[in-house]
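*Asks:* take this sequence and fold it.
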Amino acid sequence: MTMTKTFDVGVRSPVSRQAQVLLGRADALLSESIGERDAGDRFLGGYIAALKGAAAVLASLPNSIGSRPRSRNAWVLMAKAAPDLAIWSEYFSSFSATRAAVEAGASSAVGDVDADDFYRHVSRFLNAVEDRLGGQSRFESVDPMAAPLSA
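*Replies:* Sure thing, here's the model as predicted:
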């Protein structure tokens with residue numbers, strides 16, 4: 001299946017394979033993170049999934065930033081290249097210090113409620129990325145009536 005994106009004139013253009021792969025990795029990382037018992041690990045998995053989502057957006061765009069961007073910060077690059085996602089860039093950028101603290105071993109940097117709330121925001125962001133890429137919903141292929149019920 002080839003994902004496409006729609007431009008204002010209604011012409012659909014194929015989305016790069018790299019963008020598709022990155023979005024798939026983001027989904028997988030987010031799914032893995034929810035199984036973590038430690039709130040810091042759940043947060044970190046979600047943050048990395050969000051970074052992969054930002055990378056998918058950047059991979060889907062023509063090189064409009066120039067041959068060598070001044071910043072390597074994914075949130076800065078995404079805000080410049082995809083202004084419609086700038087609010088997400090600001091949101092995730094505000095958690096950069098928390099990410100650094102968790103990576104440094106500060107277990108109290110994120111609580112359970114905050115980690116779960118962050119997970120929900122990452123999920124919404126990845127949905128926005130998917131919508132922007134013009135792909136089939138990540139959840140359309142799941143038939144809820146055919147899925148086994150959990151005990």
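*Asks:* now residue 103: how far from residue 48?
*Replies:* As judged by CB to CB, to the nearest Å, residue 103 and residue 48 stand 10 Å apart. Backbone N, C-alpha and C define where each C-beta goes, glycine included.
*Asks:* also residue 122?
*Replies:* For residue 122 relative to residue 48 (CB to CB), the value is 9 Å.
*Asks:* and what of residue 20?
*Replies:* For residue 20, the distance to residue 48 - CB to CB - is 18 Å.
*Asks:* of residue 122 and residue 48, who's got more company?
*Replies:* residue 122 (27 against 18; other CB atoms under 10 Å).
*Asks:* if I look at the residue nearest to the more buried one when sequence neighbours are not counted, how far off is residue 80?
*Replies:* With sequence-adjacent residues excluded and distances taken as CB to CB, 6 or more residues apart in numbering, residue 122 is closest to residue 46, at 4.3 Å. To residue 80, residue 46 is 23 Å away according to CB to CB.
*Asks:* low-scoring stretches of this protein, by residue?
*Replies:* The chain contains residues with pLDDT under 70 at 1-15, 63-71, 135-151.
*Asks:* now the helices for it?
*Replies:* Assigned by DSSP state H, the chain shows helices spanning 17-33, 39-60, 74-81, 86-93, 96-103, 112-133.
*Asks:* please identify the most buried of those.
*Replies:* helix 39-60 (a mean of 23; mean count of other CB atoms under 10 Å).
*Asks:* just checking the distance from that helix to the centre of its chain.
*Replies:* Centroid separation for helix 39-60 versus its chain: 5 Å, with CA atoms, centre = their mean, to the nearest Å.
*Asks:* quick one: that helix to helix 74-81, angle?
*Replies:* For helix 39-60 against helix 74-81, the angle by axes from the mean of the first three to the mean of the last three CA atoms, to 10 degrees is 30 degrees.
*Asks:* packing partners of helix 39-60?
*Replies:* In terms of contacts (3 or more CB pairs under 8 Å, 6 or more residues apart in numbering; DSSP states H and E), helix 39-60 is packed against helix 17-33, helix 74-81, helix 86-93, helix 96-103, helix 112-133.
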